[in-house]
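Enquirer: Prediction below, plus the sequence it came from.
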Amino acid sequence: MTPLLEARGVSKAFPGVQALSNAGITVQAGRLNALLGENGAGKSTLMNILSGVFPPDHGEVRFEGRPVSFRDPRAAHEAGVAIIFQELNLVGGLSVAENIFLGRQPLTRWGLVDRARMNRDAAELLARLDMRIDPTILVERLKVGAQQMVEIAKALSFDAKVLILDEPTSALTEHEVETLFGVIRRLKQRGVGMIYITHRLDELPEIADDVTIFRDGVLVHESTYRADDRSEYVRRMVGRDLAELFARSSGTRGDPALEVADLTVARPGGGQPLVDRVSFTVHAGEVVGLFGLMGAGRTELLEAIYGLHRGRCEGTILRDGRRIQVGGPRDALVAGLALAPEDRKADGLVLGLSVATNVSMASLDRVLRHGFVSVREERHRAADAIATLAIKTPSADQAVGALSGGNQQKVVLAKGLATEPKVLLLDEPTRGVDIGAKREIYALIDRWASLGMAVLVASSELPEILGLSDRILVLAEGRLTAEFRRDEASEQSVLHAAIPVRRASEVVA
Ligand SMILES: Nc1ncnc2c1ncn2[C@@H]1O[C@H](COP(=O)(O)OP(=O)(O)OP(=O)(O)O)[C@@H](O)[C@H]1O
Ligand SMILES: [Mg+2]
């Protein structure tokens with residue numbers, strides 16, 4: 001059977017980087033092809049080529065048997081190839097419906113945008129995704145997970161024959177992931193072919209029909225997917241065997257480094273607080289995991305400790321036993337706090353600036369010499385970070401926006417670490433990070449803790465929380481619902497505590 005979409009012998013170079021050398025992929029109608037590979041392997045680059053973002057240097061792309069070269073993503077969309085980008089691409093200042101129908105809003109017969117119809121159509125699409133999002137709300141008011149859903153709705157609004165999903169679940173909760181998988185199954189039945197990029201291999205048994213693996217820009221494996229071949233796939237990806245599980249080494253727990261008492265963050269506009277009278281302690285040398293479903297208040301809690309919700313916040317925060325008032329990044333630095341945020345594009349990085357500048361941005365006083373930024377010191381620190389975190393970049397001068405998604409995430413961590421914090425707040429630290437690098441980051445967190453750092457890490461990945469934490473705190477609807485020691489926690493018990501009581505039946509169903 002003629003494949004829906006096929007790419008062969010594709011190469012693409014960027015200044016200083018050969019992103020693809022001999023890559024390709026085949027998409028069959030009604031099947032999902034899982035595209036795997038380490039950070040920087042070239043996955044997103046090939047997807048950009050397939051969807052008309054830029055042309056390849058060499059190679060051929062065929063759509064329904066005919067050679068094509070899409071002028072731009074719009075042309076690809078109209079032909080039936082839709083892509084959901086890894087980095088969200090919505091316009092924050094526009095509504096959900098406006099984003100979905102951007103550039104092709106339905107018009108009234110007077111030539112004006114037919115808002116009523118646009119909102120109705122958007123509502124219908126969102127309902128198909130089982131998402132209760134108000135189509136008239138501004139996208140910037142949505143959290144990452146909800147924004148991701150809007151992107152998917154947008155792609156589906158074109159009658160896509162091929163749908164490309166670049167790490168769609170990296171910001172979704174388990175419930176939302178299930179919803180997405182339901183949509184994927186229905187799309188398969190309708191004959192839609194899909195390319196699905198992920199670093200979460202656990203997802204594949206549920207959805208994958210075929211598997212394609214890139215290593216350093218080269219196509220190294222393609223076959224039908226078999227769950228039993230998982231370790232073989234990992235070997236192809238990273239070029240060596242990897243033991244999969246990570247175990248935290250047992251360290252000694254020091255004095256309380258961070259004490260939070262009755263912390264409350266009011267919800268803008270009123271209603272139940274985002275964070276509701278939360279109290280806990282993190283000791284020096286300890287890794288405390290913070291688990292919760294989307295909307296549980298994990299991010300808001302970390303942000304509040306970091307002083308980002310001043311004016312809407314009550315409660316007390318002690319650092320080494322002394323009360324602190326954090327009014328912003330400057331105070332946080334002085335207090336020895338660092339935050340590596342969840343949304344690397346919005347709060348984490350300046351994409352147009354270099355790796356070196358981004359790394360030292362939060363710790364300028366560490367690179368100042370006689371009142372000036374010492375370029376030498378800055379580069380020295382960047383080189384350090386690039387080595388420790390194995391950041392794949394041609395140089396420290398490369399613009400962060402040109403790095404692959406997972407490597408951008410590593411720069412966010414490097415930036416936090418460069419402040420030499422005593423307390424490290426991590427929000428989804430391994431989002432979009434490949435399996436090898438994930439293990440490296442876990443090992444680093446383990447090491448920082450053993451050097452006496454207090455680490456508070458929020459994650460929606462249960463295995464990560466269970467593997468990494470000495471203690472686990474569970475949030476549901478802004479409240480602390482449970483606390484487990486490492487040896488007491490199980491997936492069951494933690495998940496159970498995370499499900500708000502009145503929603504329990506809904507989520508389990
Ligand atoms: N616009 C660009 N300019 C310069 N280099 C780029 C650009 N886009 C990608 N690259 C480089 O090309 C290589 C492949 O990147 P790509 O984004 O395709 O990786 P990926 O497989 O999607 O990785 P990840 O899993 O981290 O998302 C990387 O070294 C990246 O830094
Ligand atoms: Mg990518």
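Expert: Nice, thanks for sending it over. Numbers count the residues shown, from 1 in each chain. Ligands and ions are numbered 1, 2, ... in the order given.

Enquirer: So which residues of the stretch 251-400 of the chain form helices?
Expert: Applying DSSP state H, counting those that start in this stretch to the stretch 251-400 of the chain gives helices spanning 298-305, 329-335, 355-360, 364-367, 375-388.

Enquirer: and among the ones you listed, the most buried is which?
Expert: Scoring the helices of the stretch 251-400 of the chain by mean neighbour count under mean count of other C-beta atoms under 10 Å gives helix 355-360 as the most buried, with a mean of 27. Where you see a C-beta, it was placed from the backbone N, CA and C, and this is true even at glycine.

Enquirer: any bit of that helix sitting next to ligand 1?
Expert: No: using C-beta under 6 Å from any ligand atom, helix 355-360 never reaches ligand 1; the gap is at least 10.3 Å.

Enquirer: for that helix, packing partners?
Expert: helix 375-388, helix 405-417 (3 or more C-beta pairs under 8 Å, 6 or more residues apart in numbering; DSSP states H and E).

Enquirer: mind saving the C-alpha coords of it as CSV?
Expert: In CSV, the C-alpha atoms belonging to helix 355-360 read as follows (Å, rounded to 0.1, in the frame of the first residue of the first chain):
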residue,chain,number,x,y,z
VAL,A,355,23.4,29.6,26.3
ALA,A,356,26.1,31.4,28.3
THR,A,357,24.0,34.5,29.0
ASN,A,358,21.0,32.5,29.9
VAL,A,359,23.0,30.3,32.3
SER,A,360,24.3,33.3,34.2
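
Enquirer: quick one: contacts of that helix?
Expert: Contacting residues not belonging to helix 355-360 are listed as 349-350, 366-367, 373, 378-379, 381-382, 385-386, 391, 393, 395-400, 403, 411, 414-415, 418 [C-beta atoms under 8 Å, 6 or more residues apart in numbering].

Enquirer: Please list which of those also come close to ligand 1.
Expert: residue 403.

Enquirer: In the stretch 401-509 of the chain, where is pLDDT below threshold?
Expert: 502-509 (pLDDT under 70).

Enquirer: Show me what residue 164 is bridged to.
Expert: Beta-bridge pairing for residue 164 (DSSP bridges): residue 83, residue 195.

Enquirer: wait, what's in contact with it?
Expert: Applying C-beta under 8 Å, 6+ apart to residue 164 gives the contacts 47, 50-51, 81-84, 194-195, 197.

Enquirer: CA-only coordinates of the helix or strand hosting residue 175 in PDB, if you can.
Expert: Counting by DSSP states H and E, the element that carries residue 175 is helix 174-189. What follows is helix 174-189 as a C-alpha-only set of coordinates in PDB (Å, rounded to 0.1, in the frame of the first residue of the first chain):
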ATOM      1  CA  GLU A 174      -2.400  11.000  33.500                       C
ATOM      2  CA  HIS A 175      -6.100  11.800  33.100                       C
ATOM      3  CA  GLU A 176      -5.400  14.100  30.200                       C
ATOM      4  CA  VAL A 177      -3.100  11.600  28.700                       C
ATOM      5  CA  GLU A 178      -5.800   9.000  28.700                       C
ATOM      6  CA  THR A 179      -8.100  11.500  27.000                       C
ATOM      7  CA  LEU A 180      -5.500  12.100  24.300                       C
ATOM      8  CA  PHE A 181      -5.000   8.400  23.800                       C
ATOM      9  CA  GLY A 182      -8.800   8.100  23.300                       C
ATOM     10  CA  VAL A 183      -8.700  10.700  20.600                       C
ATOM     11  CA  ILE A 184      -5.700   9.000  19.000                       C
ATOM     12  CA  ARG A 185      -7.600   5.700  18.800                       C
ATOM     13  CA  ARG A 186     -10.600   7.400  17.200                       C
ATOM     14  CA  LEU A 187      -8.300   9.100  14.700                       C
ATOM     15  CA  LYS A 188      -6.700   5.800  13.800                       C
ATOM     16  CA  GLN A 189     -10.100   4.300  13.100                       C
END
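
Enquirer: Mean confidence (pLDDT) on it, please.
Expert: Averaging pLDDT along helix 174-189 yields 84.
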